[in-house]
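Engineer: would you be able to build a 3D model of this:
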Amino acid sequence: MGRIYELYAPCHFGMEAVLKREINDIGYDVTRTIDGRVYFKGDDETIVRANLCLRTAQRVMINVAQFKARTYDELFENVKAAKLEEFIPPDGKFWVSKAASIKSKLFSPSDIQSIVKKAMVDRLKSVYNISWFSEEGALYPFRVSIVDDIVTIGLDTSGESLHKRGYRVMTVKAPVTETLAAALIMLTPWKSDRILIDPFCGSGTFVIEAALMAMNIAPGLYRNFISQSWDNIISPDMWEDAKDEANEEIDYNVKTDIQGFDIDAEALKAARFNAHRAGVVEKIHFQQRDVKELSHSKKYGFIITNPPYGERLGQREELVELYSALGKRYAALDSWSMYIISAWEDTQKYIGKRADKNRKIYNGMMKTYFYQYMGAKPPKKKI
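Structural biologist: Numbering: from 1, shown residues only. I've put the predicted structure just below:
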């Protein structure tokens, strides 16, 4: 085991418990949870496996420094005191890719970024006894967040956000991200031996994420990470070993009944293309179909969907017709469960039934609700 780091993974607000469960499931202990962020301890192998395997995390960060600062002088001196040389080699290219501040005395992102970068340069100049950085080596992006005057300096091991799995090239307007789709599926009791239909599948995010789960395909298997070039922190063969292990765990023979419907032929074309790139196209049945034709002969299935809610449809009358049709078709499905993420405030009214539960979720900056209609549980299978 190498050096132990405090790591943290940002996630969608309200999804911390889902991510915590995921981190535990891949074998690591969560140390603390705050809004939109889960902390855990681990070494270089943990960094690799977390990037490859976590479905609901947005990034995997190394917590380089955490301190209180209410003035720019305090910010500068605390960053300068951090042992940055443990992370950045003399030829490393480093920068502050993002700064954010909430309820804090220091609030200007551009000022925070420039002062943190200046402090980092001063620290490394003195440690390495150099006056100029070639920055020809690996890339080391840092992110700064300040909440209630507590500053967190994080080193981003992922690079591009983890919702970019590498499969979604073709997209349609207003999709949910892959990480949010995975988290919403995990909030339901759906398992791979149960039916799942998305009647508004768009570019296929829900059904593709469900198929990846069913086949046990690691979500990061088909993409690269910025920390793959950090041979000062992560052993280069660690990535290959982790990917080999993930490949061995794929279940190609799993039987599924996952279906994606959409009335839009272009959306279905995108969905099929994305499913093919994700390696799950054979596990999903796509069909051009109006929601009014939604039906299934079997019991105990699931609808998990992100219907239009005004962003894509101009007229309220169209929304009324669409949600009413979905409500009628759901009522005709015996023992099914339905989970809808929507920003439309009249969702329950036109579905024709109050949800058993609903929870507020931010899809980007848009406030939405996840309406949960619980169907009957299937009888336990006789052994």
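
Engineer: going forward, measure contacts between C-alpha atoms and count neighbours the same way
Structural biologist: OK.

Engineer: now the lengthiest helix in the chain: how far from the chain's centre is it?
Structural biologist: What stands out as the longest helix in the chain, according to DSSP state H, is helix 109-128. Counting by Cα atoms, centre = their mean, to the nearest Å, helix 109-128 is centred 30 Å from the centre of its parent chain.

Engineer: next structured bit after that helix?
Structural biologist: Where DSSP states H and E defines the elements, the next helix or strand beyond helix 109-128 is strand 139-147.

Engineer: who are the packing partners of that next one?
Structural biologist: strand 93-102, strand 150-156 (3 or more Cα pairs under 8 Å, 6 or more residues apart in numbering; DSSP states H and E).

Engineer: what lines up beside the helix or strand encompassing Val64 in the sheet?
Structural biologist: Using DSSP H and E, Val64 falls within strand 61-68. Here strand 61-68 is paired, per DSSP bridges, with strand 5-10 (antiparallel), strand 150-156 (antiparallel).

Engineer: who's in contact with the closest residue to Arg277 other than its chain neighbours?
Structural biologist: Nearest-residue entry for Arg277: Tyr167, 5.1 Å, with adjacent residues in sequence omitted and distances by Cα to Cα, 6 or more residues apart in numbering. By Cα atoms under 8 Å, 6 or more residues apart in numbering, the contact list for Tyr167 reads 222, 274-275, 277-278.

Engineer: where does this structure dip in pLDDT?
Structural biologist: Within the chain, the segments meeting pLDDT under 70 span 1, 171-174, 310-314, 382-383.

Engineer: hey, where'd the strands end up in it?
Structural biologist: 5-10, 30-34, 37-42, 61-68, 93-102, 139-147, 150-156, 196-198, 258-262, 284-288, 302-305, 337-342, 357-363, 366-373 (DSSP state E).

Engineer: deepest of these, which one?
Structural biologist: Ranked by mean neighbour count, those are led by strand 196-198 with a mean of 27 (mean count of other Cα atoms under 10 Å).

Engineer: any chance you could list what contacts that strand?
Structural biologist: Contacts of strand 196-198 (Cα under 8 Å, 6+ apart): 190, 206-207, 257-261, 301-305.

Engineer: how distant is that strand from the center of its chain?
Structural biologist: Centre to centre, stretch against its chain (Cα atoms, centre = their mean), the figure for strand 196-198 is 20 Å.

Engineer: name every strand pairing with that strand and say which way it goes.
Structural biologist: Its sheet considered, strand 196-198 pairs with strand 258-262 (parallel), strand 302-305 (parallel) by DSSP bridges.

Engineer: tell me what angle the strand holding Val64 forms with strand 37-42.
Structural biologist: Using axes from the mean of the first three to the mean of the last three Cα atoms, to 10 degrees, the direction of strand 61-68 lies 110 degrees away from that of strand 37-42.

Engineer: the residue lying closest to Ala138 once chain neighbours are set aside: how many residues sit nearby?
Structural biologist: Using Cα to Cα, 6+ apart and skipping the chain neighbours, the partner closest in space to Ala138 is Gly92 (5.2 Å). Gly92 is flanked by 17 other residues according to other Cα atoms under 10 Å.

Engineer: please apply the same query to Asp346.
Structural biologist: Considering only other Cα under 10 Å, Asp346 is surrounded by 13 other residues.

Engineer: repeat for the one 4 residues further on
Structural biologist: Per other Cα under 10 Å, the neighbour tally for Tyr350 reads 18.

Engineer: quick check, it in contact with Glu318.
Structural biologist: No - at 11.6 Å, Tyr350 does not count as touching Glu318 under the criterion of Cα atoms under 8 Å.
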